[in-house]
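1. no letters, just coordinates:
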């Protein structure tokens, strides 16, 4: 997920015992101007980052030495070892794992075939968390529906015994909002179809490419509803099935499809997020949190999702640790476990740190690949917006504009919402991101090192200012921000 990834729905934790007081009446009077020494340090940090950082080396190491790292698998355990070693080798303080329980799902063999009116083998993949089919697969007629909304009007008699094909196209946008408009069928589709008697679902891949590579991603099943197999067709194969449905309708004949999925759920396993810090020189108890997620889907090597995000936050903290004088507050890096499959690492973090969440003065997550940053959003006490606006002005040389105050900062920050932890979000250009997202094409060659450096420069600006300035950002408005 992701800032634009709209992950599996996860309940916000009920975090008790925090002093969630009304904004301090004096806060609005605190000066918003950035002191000149802070400006000078930020200018140097930006210049040095744009000249070249180690960010690409971090993501190269993760993708080459670990590769795909689906939560709950042995490869994810290897990723935790990588994270601990990397942060220790880079000189971070207080490096440690934080335990959480992870689901264990395996994909297995998978195949699909249009049987009639014209036989064609198609390229598909199981949605994450899908149940498998019987050993010999499922064979049934196909019912095409353009969207979840259209499906609401379909009579159950038309659905019973069929494979429902949700055929919503994703639109390419810079801000990734096309993903949010299309991804609902992936999460809700199986249970909605099962309620009307479907035996399986297919979806058009939630992606903007034209490659014959399907996009996976998590689905979810409602309690008490039959769990049916769910798979995503590559975009060209969705076009192919759509064309066959159109031809069959003209001829008055059905489209017949065979689906085989070897997916299976195995017992949960113990895993961990990875945490390391640059300890603040004056206010070590106050924390600026930099997040990413360590897990990835299993088809590619997890380079853009979310190796790039991990590289950005690790390198940002590393460079701050190299300053002659460390920031006033602690900068904490969290490589979250299992963002893709239910936010279990994020929920465990919120529970383990509930006593100090009122000391988290700002949090952000990098989780949109390596596209260049273009906007700074936030979700902070409105009385402190002048301070965030002043930080945004320091991003102008990087081509980053000021966004609104409705950003949640990232999927792994959702469980921090009831504690009203202030958040920021450096929105990235997602124009190409969803060509590769959740596919076998999510590999290192998709990353431009200079784009990573530009992200590090922007993160250094926001994080150093937040960690160094005397004032803070209060508590975020009630209700949480958007991803």
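-> Sure thing, it's come through. What you see is a predicted model; the values in this text were computed from it and never measured. Numbering: from 1, shown residues only.
2. next, the contact list for residue 261, please.
-> 108, 110, 126, 130, 131, 132, 133, 229, 231 (C-beta atoms under 8 Å, 6 or more residues apart in numbering). Bear in mind the C-beta positions are built from the backbone N, C-alpha and C, glycine included.
3. need the buried ones from these selected in ChimeraX.
-> The buried residues among the contacts of residue 261 can be selected in ChimeraX (16 or more other C-beta atoms under 10 Å) with this line:
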select :110,126,130,131,132,133,229,231
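4. any regions of the chain where pLDDT drops low?
-> Along the chain, the parts satisfying pLDDT under 70 run over 1-31, 480-483.
5. so which residues of it form helices?
-> With helices called from DSSP state H, the chain shows them at 36-51, 55-65, 74-89, 148-152, 156-159, 177-182, 184-195, 235-251, 308-321, 344-352, 385-394, 433-436, 449-468.
6. closest one to residue 302 among the ones you listed?
-> Nearest to residue 302, of all the helices of the chain, is helix 55-65, at 6.4 Å by C-beta to C-beta.
7. give me the contact list for the closest one.
-> 79, 82, 86, 301-303, 307-308, 310-312, 314-315, 443-444, 447, 449, 452-453, 455-456.
8. ok now it, how far from the chain's centre?
-> The chain centroid and the centroid of helix 55-65 are separated by 19 Å under C-alpha atoms, centre = their mean, to the nearest Å.
9. what of stretch 170-189?
-> With C-alpha atoms, centre = their mean, you get 13 Å for stretch 170-189.
10. state the distance from residue 63 to residue 460.
-> Distance, residue 63 to residue 460, by C-beta to C-beta, to the nearest Å: 23 Å.
11. do the same with residue 148
-> In this structure, residue 148 and residue 460 are 41 Å apart, going by C-beta to C-beta.
12. show me which of the two is the more surrounded one.
-> Neighbour comparison, residue 148 and residue 460: the larger count goes to residue 460, with 25 against 17 (by other C-beta atoms under 10 Å).
13. without its sequence neighbours, what residue ends up closest to the more buried one?
-> residue 45 (4.4 Å; C-beta to C-beta, 6 or more residues apart in numbering).
14. quick check, residue 205 in contact with residue 233.
-> Yes: at 6.2 Å, residue 205 counts as touching residue 233 under the criterion of C-beta atoms under 8 Å.
15. which one's more surrounded, those two?
-> residue 205 (31 against 25).
16. ok, the more buried one - contacts?
-> With C-beta under 8 Å, 6+ apart, residue 205 has these contacts: 214, 215, 232, 233, 234, 235, 238, 439.
17. can you do 6 Å?
-> By C-beta atoms under 6 Å, 6 or more residues apart in numbering, the contact list for residue 205 reads 214, 215, 232, 234, 235.
18. dump these to CSV, plus neighbour count.
-> CSV is the format used below for those (neighbours: other C-beta atoms under 10 Å):
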residue, neighbour count
214, 31
215, 32
232, 31
234, 23
235, 24
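19. right, and the pair among those residues with maximum separation?
-> 232 and 235, at 9.6 Å, using C-beta to C-beta across the contacts of residue 205.
20. follow-up on the earlier one: looking at the helices of the chain, which is closest to residue 359?
-> When the helices of the chain are compared by C-beta to C-beta, helix 449-468 sits nearest residue 359, at 12.7 Å.
21. so which elements touch the closest one?
-> Here helix 449-468 touches helix 36-51, helix 55-65, strand 283-293, helix 308-321, helix 385-394, going by 3 or more C-beta pairs under 6 Å, 6 or more residues apart in numbering; DSSP states H and E.
22. what sits up against that helix?
-> Helix 449-468 is contacted by residues 38, 42, 45-46, 49-50, 53, 55-56, 288, 312, 315-316, 327-329, 331, 362, 370, 372-373, 391, 394-395, 398, 400, 424, 426 when judged by C-beta under 6 Å, 6+ apart.
23. before we move on, back to that, out of the helices and strands packed on helix 449-468, which is the most enclosed?
-> Counting by mean count of other C-beta atoms under 10 Å, helix 308-321 has the highest mean neighbour count of the helices and strands packed on helix 449-468, with a mean of 27.
24. same for that one, what does it pack against?
-> Looks like helix 308-321 contacts helix 55-65, strand 264-278, strand 283-293, strand 329-336, helix 449-468 (3+ C-beta pairs under 6 Å, 6+ apart).
25. looking at the ones you listed, spot the one closest to residue 73.
-> Of all the helices and strands packed on helix 308-321, it is strand 264-278 that lies closest to residue 73, at 8.4 Å by C-beta to C-beta.
26. partners of that closest one in the sheet?
-> Using DSSP bridges, the strands paired with strand 264-278 are strand 93-106 (antiparallel), strand 329-336 (antiparallel).
27. off-centre distance for the shortest one?
-> Averaging C-alpha positions (C-alpha atoms, centre = their mean) puts strand 329-336 17 Å from its chain's average.
28. kindly report the same for stretch 400-415.
-> Counting by C-alpha atoms, centre = their mean, stretch 400-415 comes out at 12 Å from the chain centroid.
29. in it, what's buried?
-> So for stretch 400-415, counting by 16+ other C-beta under 10 Å, buried means 400, 402-403, 405, 407-415.
30. re the thing from before, highest mean neighbour count out of the strands paired with strand 264-278?
-> Highest mean neighbour count among these (mean count of other C-beta under 10 Å): strand 329-336, with a mean of 27.
31. run the angle between that one and helix 74-89 for me.
-> Strand 329-336 and helix 74-89 are oriented at 160 degrees to each other (axes from the mean of the first three to the mean of the last three C-alpha atoms, to 10 degrees).
32. give me the residues contacting strand 329-336.
-> By C-beta under 6 Å, 6+ apart, strand 329-336 touches 83, 273-280, 283-284, 286-294, 310, 313, 317, 320, 345-346, 412, 467.
33. how does this structure divide into domains?
-> Domain assignment for the chain by automatic domain parsing gives 27-104+267-468, 108-262.
34. I'd like those as a markdown table, with distance to residue 479 appended.
-> Listed next are the domains of the chain as a markdown table, based on distance: least, C-beta to C-beta, whole Å:
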| stretch | distance to residue 479 |
| --- | --- |
| domain 27-104+267-468 | 8 |
| domain 108-262 | 18 |
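35. for residue 474, find the nearest of those domains.
-> Nearest of these to residue 474, taken as C-beta to C-beta: domain 27-104+267-468 at 2.7 Å.
36. with distance to residue 97 as extra columns, can I get the helices of the chain in a markdown table?
-> Formatted as a markdown table, the helices of the chain follow (distance: least, C-beta to C-beta, whole Å):
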| stretch | distance to residue 97 |
| --- | --- |
| helix 36-51 | 29 |
| helix 55-65 | 16 |
| helix 74-89 | 6 |
| helix 148-152 | 39 |
| helix 156-159 | 46 |
| helix 177-182 | 31 |
| helix 184-195 | 29 |
| helix 235-251 | 39 |
| helix 308-321 | 15 |
| helix 344-352 | 10 |
| helix 385-394 | 32 |
| helix 433-436 | 29 |
| helix 449-468 | 23 |
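37. residue 118: which of these is closest?
-> With respect to residue 118, and counting by C-beta to C-beta, the nearest of the helices of the chain is helix 235-251 at 6.1 Å.
38. nearest spatial neighbour of residue 376, chain-adjacent residues omitted?
-> Per C-beta to C-beta, 6+ apart, closest to residue 376 is residue 392, 4.8 Å.
39. the one you found and residue 377: what is the separation?
-> In this view, residue 392 and residue 377 are 10 Å apart by C-beta to C-beta.
40. equivalent analysis for residue 453, please.
-> For residue 453, the distance to residue 377 equals 21 Å [C-beta to C-beta].
41. residues touching residue 376, list them.
-> Each residue near residue 376 by C-beta under 6 Å, 6+ apart is listed here: 392, 395, 400, 402, 403, 426.
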